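Student: Mind folding the following:
(3 chains)
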Amino acid sequence: MATSFKQIEQNLKNEARALLESGRVALVLAYTRGYDDRHPLPYTAKCASDADNIIFNEYCNANLARYLVRHPRGTKIAIAVKPADSRAVVVLIQEEKVHRDDLIILGIPVLGMKNHKTDEIIDSRTTGGLYNPVLCDILLGEEITGEPIVSPYDVLAPYEAMDKEERWAFWKKELERCIRCYACRKACPMCYCDPCFIDLDKPRWGEKAPGPGGNLMYHLTRFHHLAGRCIDCGECYRACPVDIPLHLFHKKVAKECEEMFGLAAGMSIDEKPALVDFRMDDSDAILE
Amino acid sequence: MCSNNPYIPMPVEIIKIIDEVDTHDQKTFRLRFLNPEDAKNFNYLPGQFAELSVYGRGESPIGIASSPTDEGYVEFTVQRAGAVVPGLVTAALHDMEEGAKIGIRGPLGNSWPIQFLEGKNIVVVGGGFAFTTLRSLIRYILYGDNRKRFGDITVIYGARTPGLLLYKEELAQWGKLGDIKTVITVDQGDAGWKGREGFVPAICKEVAPSPDNTVAVICGPPIMIKFTLPVFFDLGFSKENILTSLEMRMKCGIGKCGRCNVGYKYVCSDGPVFSLAELEELPRDF
Amino acid sequence: MLKKISVDKISDLAARLMDKGTLVAPVREDAGHNFRKITDAGQVDLGYYNTLMSPKSVFLPQKEDFVTYIAGRPLEEAKCIELNPEPTFLFGVRPCDVRSFEIMDIHFIGTGAVDPYWSRRREATTIFGYAFDLNRPAEPTDFYTALGIGAADPEGSDVFMILKGDELLLKAFTAKGEKILSQMDILSESGADDASYFDQTVADGRSFKTRFINIDAQAVAKKFEELFHNAQFWEKVSDGCLSCGVCTFVCPTCYCFDICDENLFGGGTRRRVWDACMFTDFTLEASGHNPRTKVYQRLRQKICHKYSYHIRKYGPISCVGCGRCTRSCPVNIDIFSIVDEALRA
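Tutor: Take a look at the predicted model:
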């Protein structure tokens, strides 16, 4: 039995208010009502009265971890995280973009998040399929137990049934409709490079306008930049205006990474990221 | 399509390259149109700019340094950009030799308002590399009968060191003329420097030009502008009588691509010349 | 001239138009409908609310090649690419999008230098506007009525189309429209009550409701001018903004572009491509200075351009209330809400 969204919202508001009032944090990253109930906005509460504007419902999918790097290092921030978002926070801490001590992680166990475009339940097919945050300071609802554990990689079965030629054809077709709007890049909490490689002139890695060459260059490179770092929140897919299933490729790379190195990104703050850590017993499969 | 298309550059040949400064990163390129038609149609006034085009690299908006009274060629003084963001076009230009061919689109932008300046005294204040279009204005004013149309001309120009002064020969020539007052200064002199030392704002204060029927034309790096403007306000210059030239990142140069706006004005087509009064109306978005 | 055709014969009309030139019409795709160049007349699908991307790409393609060159070859050998568009039929454009063309005309051909690419494409194109279905409530994101656009406004279209039951009425409003309609022998003459139905629908379209606030161009331009230095306002409305750029790409009135030389294997093309003031490096200068480093500064530029600068420079508001930006925004930023908040600030 999961805590209701209404109750979580109440708990979130109360915690935010208390943290801001006491001055323990300078800001709280949460959500607020957008132009209607199904379209919440990410929200930065800066004082206790701002906490009144906070909401939480099944459409609050935005991964707030992406806003952490916007604030100067050292800012004390409380951040509301769902399970995948909490993994993003772990990776940002491991990559030293943010300090553990500067964060108060408000964990939200979730069951029943919905895609606002389709009203479909968001589950392991488009996210990591976890119910509880992997790291938090304050849990805003009852820990969820008893729900089926589904591998986030099950959804890859049809893709994995394809041979190399078919997979290449699949990605060429899917990426054809990319309009190079870069929503995927900005929605991803792990894409914080400034400048991003695709914006460089010297060298120019891909053409600026959409086209087979530039689209493949941009996406395939990004898939690899996220190897061992993608935490499977699925925001890239939800942000894409033309519904390209980017999350599939990221899941596939994450699966390979997990199989080779026994590590999934952001699951434990004590582990070193797979592609940063060197172990004597590392798999050589990467050389194949 | 391809003639009369404002996006397509006209071919020009580099007939002379002058190394202006001792750091060798500012050069003057003298260009000659390959098509006589293009030369005929390239009618400009001081203050305007053009997009210099190098296929394979891109384009760069550069102020015109020659005066329309200079016949048979048009000159641009180009800084080699690339200290922070790798420059493509200016680096390519600097690596070229005389005889190389590039493209040019222009003339673009508005100009120093010649009609407005006629009959008035003019104080020209320049700092460092920004002196290029001011030189165009001064050459224009000094040329033959033009001189009669304007009042007293005072030029205050400073660079960081003597080696960084542009157009050194010309500055020396102007110093010898009776109908123009030139005050050249450097932030820091060297062993051979016999002229003034001092920052441009301080020199302006010293020269103390009168605001009566006078227009100040000021071009320089932001820090120079910041400290020079108060000097002119204190001297009694009104904002309509202080002119400057803005620089923004540009691409099309003809007011279409939306990149160079400050408020509702496009710097490439409504500017780059603005009076301070006009600038005050615009949001501080630069 | 008022004609009609049965809805199930649309593909025949499409085929006839394809004989006369290029047909660009809505096609159903994975993520929604989009305007595409039609290769198979059966693809044309009028069963949509509005397209995902705006039809501006017909006049301002996302990629427009100017010149091709080869490295090391003399400058004079660079080839300027001639643009000679075929007669084009842009079929099924909603009134708000038709208005966007008129707004962009002022910028591209009505002021200063004439943009020859926009101009030629505009001249070659016949616009078949298409009324919104008045029996279907507007999407919550739309607000075109607040910008003075009616759900069945024929202004700006060469031919305007209105659905009447299982028939499509087509009325010519310009000489171009008359010409093409008279060439389409597949169309039937309209019936007795068709003309009054058409006019009534246009009138009803003017009172059709979308979300609405009173937006007076001069008042809103002034308001945003006053708000420019109010960092608190802009930080608040740009709180969740990712500064990604989707909004500008789907927007019918956004026109910013980049001109770049793109090289490949010793040759290359100088072209223009869509750009966005929302991108971080849009105003990055060669010196390294960037006037707009913060997200709120870029969002401020976009909103102020549409609701203030464009008005001061050209007259109309540079927005048609189509709602696409709000629908596509990954974090649900809503321009209508921002304008509303500004007017009340």
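Student: residue boundaries of the strands in the stretch 101-250 of chain A?
Tutor: Applying DSSP state E, counting those that start in this stretch to the stretch 101-250 of chain A gives strands spanning A:103-107, A:138-139.
Student: which residues does residue 234 contact?
Tutor: In the absence of a named chain, chain A is used. A:Ala84, A:Ile122, A:Thr126, A:Thr127, A:His247 (Cβ atoms under 8 Å, 6 or more residues apart in numbering or on different chains). C-beta coordinates here come from the backbone N, C-alpha and C atoms, glycine included.
Student: That was the other one, I meant chain C.
Tutor: C:Trp234 sits in contact with C:Leu227, C:Tyr296, C:Gln297, C:Leu299, C:Arg300, where contact means Cβ under 8 Å, 6+ apart.
Student: Kindly recompute the last result at 7 Å.
Tutor: Residues in contact with C:Trp234 (Cβ atoms under 7 Å, 6 or more residues apart in numbering or on different chains) are C:Tyr296, C:Leu299, C:Arg300.
Student: quick one: which of these sit in helices?
Tutor: The helices, defined by DSSP state H, take in C:Tyr296, C:Leu299, C:Arg300 from the contacts of C:Trp234.
Student: related to what we said a few turns ago, of the strands of the stretch 101-250 of chain A, flag the one that's most buried.
Tutor: strand A:103-107 (a mean of 23; mean count of other Cβ atoms under 10 Å in any protein chain shown).
Student: Describe which strands the top strand by length along chain B pairs with in its sheet and in which direction.
Tutor: The longest strand of chain B (DSSP state E) is strand B:10-19. Strands that pair with strand B:10-19, judged by DSSP bridges, come out as strand B:26-33 (antiparallel), strand B:101-108 (antiparallel).
Student: Up against chain C, what does the stretch 51-200 of chain A have?
Tutor: Counting by Cβ under 7 Å from any Cβ of the partner chain, the stretch 51-200 of chain A comes close to chain C at A:Ala62, A:Ile179, A:Cys181, A:Tyr182, A:Ala183, A:Lys186, A:Ala187, A:Asp194, A:Pro195, A:Asp199.
Student: can you do 6 Å?
Tutor: A:Ala62, A:Ile179, A:Cys181, A:Tyr182, A:Ala183, A:Lys186, A:Ala187, A:Asp199 (Cβ under 6 Å from any Cβ of the partner chain).
Student: circling back to that earlier point, minimum distance to A:Thr44: which of the strands of the stretch 101-250 of chain A has it?
Tutor: Nearest to A:Thr44 among these is strand A:103-107; the distance by Cβ to Cβ comes to 13.8 Å.
Student: Report the distance from that closest one to the chain centre.
Tutor: Relative to its chain's centre, strand A:103-107 lies at 16 Å (Cα atoms, centre = their mean, to the nearest Å).
Student: what's it packed up against?
Tutor: strand A:77-81 (3 or more Cβ pairs under 6 Å, 6 or more residues apart in numbering or on different chains; DSSP states H and E).
Student: Now tabulate the residues of the stretch 51-200 of chain A next to chain C in TSV and tack on pLDDT and neighbour count.
Tutor: Output for these, formatted as TSV (pLDDT from 0 to 100; neighbours: other Cβ atoms under 10 Å in any protein chain shown):
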residue	pLDDT	neighbour count
A:Ala62	94	26
A:Ile179	93	23
A:Cys181	92	26
A:Tyr182	92	26
A:Ala183	93	26
A:Lys186	93	27
A:Ala187	94	26
A:Asp199	86	17
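Student: Of the strands paired with strand B:10-19, which is nearest C:Gly177?
Tutor: Nearest to C:Gly177, of those and by Cβ to Cβ, is strand B:101-108 at 37.3 Å.
Student: Shouldn't C:Arg272 be within a helix?
Tutor: No: applying DSSP: H, G, I helix; E, B strand; the rest coil, one finds C:Arg272 to be strand, outside a helix.
Student: number of nearby residues for residue 100?
Tutor: Picking chain A for this. 14 (other Cβ atoms under 10 Å in any protein chain shown).
Student: wait, I meant chain C there
Tutor: C:Ser100 has 27 nearby residues by other Cβ under 10 Å.
Student: Tell me which helix or strand comes right after whatever helix or strand it lives in.
Tutor: Here C:Ser100 sits within helix C:95-108, counting by DSSP states H and E. Note on helix C:95-108: by DSSP H and E, the next helix or strand toward the C-terminus is helix C:116-124.
Student: Now find how far off-centre stretch B:134-149 is within its chain.
Tutor: What separates the centre of stretch B:134-149 from the centre of its chain is 14 Å, taken as Cα atoms, centre = their mean.
Student: send the alpha carbons of that stretch over as PDB?
Tutor: Extracted in PDB, the C-alpha atoms of stretch B:134-149 (Å, rounded to 0.1, in the frame of the first residue of the first chain):
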ATOM      1  CA  LEU B 134      36.800  56.200 -36.100                       C
ATOM      2  CA  ARG B 135      39.700  56.300 -38.500                       C
ATOM      3  CA  SER B 136      37.300  56.000 -41.300                       C
ATOM      4  CA  LEU B 137      35.400  59.000 -40.000                       C
ATOM      5  CA  ILE B 138      38.500  61.100 -39.500                       C
ATOM      6  CA  ARG B 139      39.900  60.300 -43.000                       C
ATOM      7  CA  TYR B 140      36.500  61.300 -44.400                       C
ATOM      8  CA  ILE B 141      36.400  64.600 -42.500                       C
ATOM      9  CA  LEU B 142      40.000  65.500 -43.400                       C
ATOM     10  CA  TYR B 143      39.500  64.800 -47.100                       C
ATOM     11  CA  GLY B 144      39.700  67.800 -49.400                       C
ATOM     12  CA  ASP B 145      36.500  69.900 -49.300                       C
ATOM     13  CA  ASN B 146      34.900  67.800 -46.700                       C
ATOM     14  CA  ARG B 147      36.900  69.500 -44.000                       C
ATOM     15  CA  LYS B 148      35.000  72.800 -44.500                       C
ATOM     16  CA  ARG B 149      31.700  71.100 -43.600                       C
END
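Student: For that stretch, buried residues please.
Tutor: B:Leu134, B:Arg135, B:Ser136, B:Leu137, B:Ile138, B:Arg139, B:Tyr140, B:Ile141, B:Leu142 (16 or more other Cβ atoms under 10 Å in any protein chain shown).
Student: quick check, the first one in a helix?
Tutor: Yes: if the criterion is three-state DSSP, then B:Leu134 is within a helix.
Student: Without its sequence neighbours, what residue ends up closest to it?
Tutor: Excluding the flanking residues, the one nearest B:Leu134 by Cβ to Cβ, 6 or more residues apart in numbering or on different chains is B:Gly126, at 4.6 Å.
Student: tell me the contacts of that neighbour?
Tutor: Neighbouring residues of B:Gly126 by Cβ atoms under 6 Å, 6 or more residues apart in numbering or on different chains: B:Leu134, B:Tyr157, B:Cys219.
Student: could you redo the last one with a cut-off of 7 Å?
Tutor: With Cβ under 7 Å, 6+ apart, B:Gly126 has these contacts: B:Leu134, B:Tyr157, B:Cys219, B:Gly220.
Student: Quick one: which of the ones in helices among the contacts of C:Trp234 is the most crowded by neighbours?
Tutor: C:Arg300 (26 neighbours).
Student: residue contacts, it?
Tutor: C:Trp234.
Student: quick one: it from chain A, how far?
Tutor: 16 Å (Cβ to the nearest Cβ, to the nearest Å).
Student: name the helices or strands packed onto the top helix by length along chain B?
Tutor: The helix spanning the most residues in chain B, taking DSSP H as the definition, is helix B:222-235. Judged by 3 or more Cβ pairs under 7 Å, 6 or more residues apart in numbering or on different chains; DSSP states H and E, helix B:222-235 is in contact with helix B:200-207, strand B:214-219.
Student: For B:Gly47, find the nearest of the ones you listed.
Tutor: strand B:214-219 (8.8 Å).
Student: can you pull out the helices in the stretch 1-150 of chain A?
Tutor: Under the criterion DSSP state H, counting those that start in this stretch, the stretch 1-150 of chain A contains helices at A:5-22, A:83-94.
Student: tell me the most buried of these?
Tutor: helix A:83-94 (a mean of 26).
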